[in-house]
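Trainee: Turn this into a model:
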Amino acid sequence: MKVEIWSDVMCPFCYIGKRRFEEALEQFEHKDQVEIEWKSFQLNPDMKTDPNINISQYLADVKGWTLEYAQQMNNHVTQMAAEVGLTYDFDRSVVANSFKAHRFSHLAKKHGLGDKAEEALFKAYFTDGLNIDDTNTLVNLGTGIGLDVAEIKQVLESDTYADDVKHDIAEAQQLGIRGVPFFVMNNKYGVSGAQAVPVFQETIQKSFAEWQQENSKPALTIIEGESCGPDGDCA
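Mentor: Just a heads-up that it's a prediction; the model follows:
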């Protein structure tokens, strides 16, 4: 069964949602039959990369908040992240456009490393304070998960996978997805947001049961007659 996850690297709830979904999936007895595909979504496609300011200052400037209020909001999310074992450091988070990071993710997905790429990007942005719009940063992240240096550079120095990113975003619009994370299971059920683990568990189980029923081979009623078997015996 396929689970598609629309996400943006700079979305704090996407990383939290990833952990909660993973916890639910880990407890699912048929987890080895679940295929996960990450899809691109941009919360702020017009964002200009600026390594000189952190995300708290950016939010204060853009939304007209005080810096203190922006920090309070981020502190609240940091506490939520800690509850699922994540360490957020918004004071170090670099304001960066995520389009290049999404192209990087598509390269990783081509090699079956999509989930590892998302994990590396989230950690780089929220924990390590790295610029996810920087080619050298993405090269280092890519080699860390097993991608080839030359291929990473070739992709990032061109517009390769740009259309794939745009296609994911267009598909999200067609499905009516307005925010992320957004999980689509078996192309039937959508889960919006970083829901509690039981919500993911229930939806995974329901989706899988239907998927299993849809893909099970029909039982045949056999009318016996003269036939030959693979061992050469005919009767």
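
Trainee: Where does the prediction get shaky in the chain?
Mentor: 217-220, 229-232, 235 (pLDDT under 70).

Trainee: which stretches of it form helices?
Mentor: Taking DSSP state H, the helices of the chain run over residues 12-26, 55-63, 67-83, 99-110, 114-126, 135-145, 149-156, 162-175, 197-215.

Trainee: I'd like to know which elements the third one is packed against.
Mentor: In other words, helix 67-83. Under the contact criterion of 3 or more CB pairs under 8 Å, 6 or more residues apart in numbering; DSSP states H and E, helix 67-83 touches helix 12-26, helix 55-63. Any C-beta I mention is one placed from the backbone N, CA and C, and that applies to glycine too.

Trainee: Find the one among the ones you listed with the highest mean neighbour count.
Mentor: Stretch with highest mean neighbour count among the helices and strands packed on helix 67-83: helix 12-26 (a mean of 20; mean count of other CB atoms under 10 Å).

Trainee: How about residues contacting that one?
Mentor: 5, 7-8, 31, 34, 74, 77, 80-81, 84-86, 88, 118-119, 122, 126, 180-181, 183, 193-198, 200-201, 204 (CB atoms under 8 Å, 6 or more residues apart in numbering).

Trainee: give me that answer again for 6 Å
Mentor: Residues from elsewhere that reach helix 12-26 (CB atoms under 6 Å, 6 or more residues apart in numbering): 7, 31, 77, 80-81, 84, 122, 126, 180-181, 194, 197, 200-201.

Trainee: cool, stretch 34-42 as well?
Mentor: With CB under 6 Å, 6+ apart as the criterion, stretch 34-42 contacts 1-6, 8, 98, 102, 114-115, 118, 165, 168, 172, 180.

Trainee: burial of residue 196, as a residue count?
Mentor: By the measure other CB atoms under 10 Å, the count of residues near residue 196 is 11.

Trainee: can I assume residue 189 is in contact with residue 204?
Mentor: No. Using CB atoms under 6 Å, residue 189 is not in contact with residue 204; the gap is 9.2 Å.

Trainee: Neighbour count for these two, which is higher?
Mentor: Using other CB under 10 Å as the criterion, residue 189 and residue 204 rank with residue 204 on top: 25 against 15.

Trainee: What number of residues are in the vicinity of the residue nearest to that one when sequence neighbours are not counted?
Mentor: Spatial nearest neighbour of residue 204, excluding adjacent residues (CB to CB, 6 or more residues apart in numbering): residue 28 at 5.4 Å. For residue 28, the count of nearby residues is 15 (other CB under 10 Å).

Trainee: Same check on residue 111?
Mentor: 15.

Trainee: Same check on the one 4 residues further on?
Mentor: For residue 115, the count of nearby residues is 18 (other CB under 10 Å).

Trainee: Roughly how far does residue 51 sit from residue 129?
Mentor: 10 Å (CB to CB, to the nearest Å).

Trainee: Make CSV out of the contacts of helix 12-26 and add distance to residue 211 and neighbour count.
Mentor: Listed next are the contacts of helix 12-26 as CSV, based on distance: CB to CB, whole Å; neighbours: other CB atoms under 10 Å:
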residue, distance to residue 211, neighbour count
7, 22, 27
31, 13, 13
77, 33, 16
80, 31, 14
81, 31, 20
84, 27, 16
122, 28, 24
126, 33, 27
180, 23, 23
181, 21, 25
194, 24, 23
197, 21, 17
200, 16, 24
201, 16, 18
